[in-house]
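Undergrad: just to be clear, the model below is a prediction. Sequence and coordinates:
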Amino acid sequence: MSSLSNKSVLLGVSGGIAAYKSPDLVRRLREAGAEVRVAMSANAAQFITPLTLQAVSGRPVHHALLDQAAESGMGHIELARWADVVLVAPASANFLSGLAHGAASDLLTTVCLATTAPIVVAPAMNQQMWSNTATRDNIQLLSRRDITICGPATGDQACGETGPGRMQDPHELLAAVAAVFTTGGLAGNKVVITAGPTWEAIDPVRAITNHSSGKMGYAIAQAVAESGAEVVLVSGPTALAAPHGMRRVDVVSAREMYQAVMDEIDDTDVFIGVAAVADYRPSRNGLQKIKKHAERLTVELVKNPDILATVAALPNGPYTVGFSAETEALEQHAREKLMSKGADLIAANEVGFNKGFGVDDNALLLLDRSGSMTLPRMRKSRLARALVDEIIRRYAEHSGQDPRQAHRH
Ligand code: CTP
């Protein structure tokens, strides 16, 4: 099953007996790596307490549209923006009717109206209510609007009847949510991504490194994997777990990273250099720890190979995307890098205290030879998906109808 790591899932719970299954659903979504917030209708609170859902989600539960405390924390519009996907399970006949007709009568319908995130609904109701023409019409309307209808399943119902109307099983719901993020934009392509810092040893216990957490590179790798590509993530030392659905090659130094990339590059279609590669390494790395005898110590540094520039200069090389981490004159330095490194696209971001490295959100300026555009500040996981969408679009343009061949001269 696909992983939901780095995904913000808003679980909407509407009024129906199947609401008793919601805590289990929250637990499974979290096990799949998602961050979960719960919004429930007033009727849902008759079947399951907000406290239960708060305990399993680890977050306050949202249930009132105009609640002063909630609005000062995360209000309904913020909640709508926060969600990467909205899953409403169970979705009652009343909720589906409200959704189909654009109601904003309670928190749940309002959030659904205000969000740009994809919506998945899991209808659950008495089988006669499900078969009623009014419900059928609402479902048709919702399907036409690209809302995913998951279920209902057929079987024994809480009301004693048998038929279609049971809430779909949790694993089916998780698969439907994961499918929302799975695109085929890079299917059949191999993508190599570098991420994290490098570690340039001075002696066996000390090194020169930097503040890169690897979060951006890993988020990009995940978004690329979701686009159907074969992904090789060449990673410097980070505290992050290997993301789902890709091969990770662990390296320490810039030279190891260079070698690992070169070993993979021949059949690679797209290369994305996100790593904060150390530009220099100590010229000598002794076998013994340096003792503190001398008053002054000089460490001589020599230049590391430039991985991005080397890949971009390959005669039949891949489409290359570089990052430009700058503390000032962002656009100017990024444009210089685009030209000097020969990359096809540069994604530039500001780094410095509380910016870029280690933090959870970021903004990017994208530059190629035809112009520039900005991806505004957002969570790194969402920014990564926006960047990958741009890479897919530009790579398709660059390579023409046959993406695997056209860029190979
Ligand atoms: N890069 C690389 N190999 C290096 C240095 C950098 O592949 N030895 C890549 C990075 O992964 C990134 C891009 O080059 O995609 C730009 O990195 P950055 O550190 O911003 O630029 P530098 O080339 O190091 O230039 P400067 O430090 O002078 O800004």
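TA: Arrived safely, thanks for sending.

Undergrad: could you measure from the nearest residue to residue 41 once chain neighbours are set aside over to residue 23?
TA: Using CB to CB, 6 or more residues apart in numbering and skipping residues adjacent in sequence, the residue nearest residue 41 is residue 14, 4.7 Å away. No exception for glycine: its C-beta is placed from N, CA and C like everyone else's. Separation of residue 14 from residue 23 (CB to CB, to the nearest Å): 15 Å.

Undergrad: please identify which of those two sits among more neighbours.
TA: Between residue 14 and residue 23, counted using other CB atoms under 10 Å, residue 14 has the larger neighbour count: 32 against 18.

Undergrad: name the helices or strands packed onto the longest helix seen in the chain?
TA: For the chain, the longest helix by residue count, based on DSSP state H, is helix 380-399. Judged by 3 or more CB pairs under 8 Å, 6 or more residues apart in numbering; DSSP states H and E, helix 380-399 is in contact with helix 215-226, strand 270-273, strand 319-326, strand 345-350, strand 361-368, strand 371-379.

Undergrad: after the third one, which helix or strand is next? Please name it.
TA: Using DSSP states H and E, the helix or strand that directly follows strand 319-326 along the chain is helix 330-341.

Undergrad: sorry, back to before: kindly format the C-alpha coordinates of the longest helix of the chain as CSV.
TA: C-alpha atoms of helix 380-399 as CSV (Å, rounded to 0.1, in the frame of the first residue of the first chain):
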residue,chain,number,x,y,z
LYS,A,380,8.0,21.7,2.0
SER,A,381,5.9,18.6,1.1
ARG,A,382,3.4,20.7,-0.8
LEU,A,383,6.1,22.9,-2.3
ALA,A,384,7.9,19.7,-3.5
ARG,A,385,4.7,18.5,-5.3
ALA,A,386,4.3,21.9,-6.9
LEU,A,387,7.9,21.9,-8.0
VAL,A,388,7.6,18.3,-9.4
ASP,A,389,4.5,19.4,-11.4
GLU,A,390,6.6,22.1,-12.9
ILE,A,391,9.5,19.8,-13.7
ILE,A,392,7.1,17.3,-15.3
ARG,A,393,5.6,20.1,-17.5
ARG,A,394,9.0,21.5,-18.5
TYR,A,395,10.6,18.1,-19.0
ALA,A,396,7.7,17.1,-21.4
GLU,A,397,8.2,20.3,-23.3
HIS,A,398,11.9,19.9,-23.4
SER,A,399,11.8,16.3,-24.6
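
Undergrad: now it against strand 319-326, angle please.
TA: Angle of helix 380-399 versus strand 319-326, following axes from the mean of the first three to the mean of the last three CA atoms, to 10 degrees, is 140 degrees.

Undergrad: next, the buried residues of helix 380-399.
TA: For helix 380-399, burial by neighbour count (16 or more other CB atoms under 10 Å) applies to 380-385, 387-388, 390-392, 394-395, 398-399.

Undergrad: which among those residues gets closest to residue 349?
TA: residue 383 (9.2 Å; CB to CB).

Undergrad: quick one: residues contacting the closest one.
TA: Going by CB atoms under 8 Å, 6 or more residues apart in numbering, residue 383 touches 216, 219, 361-364, 375.

Undergrad: report the secondary structure element holding residue 309.
TA: helix 307-312.

Undergrad: show me what that helix packs onto, helices and strands only.
TA: helix 254-264, strand 270-273, strand 319-326, helix 330-341.

Undergrad: and these: which comes nearest residue 135?
TA: Nearest of these to residue 135, taken as CB to CB: strand 270-273 at 45.3 Å.

Undergrad: contacting residues around the following helix or strand past that closest one?
TA: Next along the chain after strand 270-273, taking DSSP H and E as the criterion, comes strand 280-282. Residues from elsewhere that reach strand 280-282 (CB under 8 Å, 6+ apart): 200-202, 208, 253-255, 299-304.

Undergrad: out of the residues you listed, which sit inside helices?
TA: Secondary structure assignment by DSSP H places 254-255 of the contacts of strand 280-282 in helices.

Undergrad: can you say which of the contacts of strand 280-282 are buried?
TA: 200-202, 208, 253-255, 304.

Undergrad: neighbours of the nearest residue to residue 273 once chain neighbours are set aside, how many?
TA: Once flanking residues are discounted, residue 273 sits nearest to residue 308: 4.2 Å by CB to CB, 6+ apart. Using other CB under 10 Å, residue 308 is surrounded by 23 other residues.

Undergrad: what's near enough to touch residue 308?
TA: By CB under 8 Å, 6+ apart, the contact set of residue 308 is 271, 273, 320, 322, 341, 343.

Undergrad: equivalent analysis for residue 245, please.
TA: Residue 245 makes contacts with 2-3, 222, 225-226, 231, as judged by CB under 8 Å, 6+ apart.
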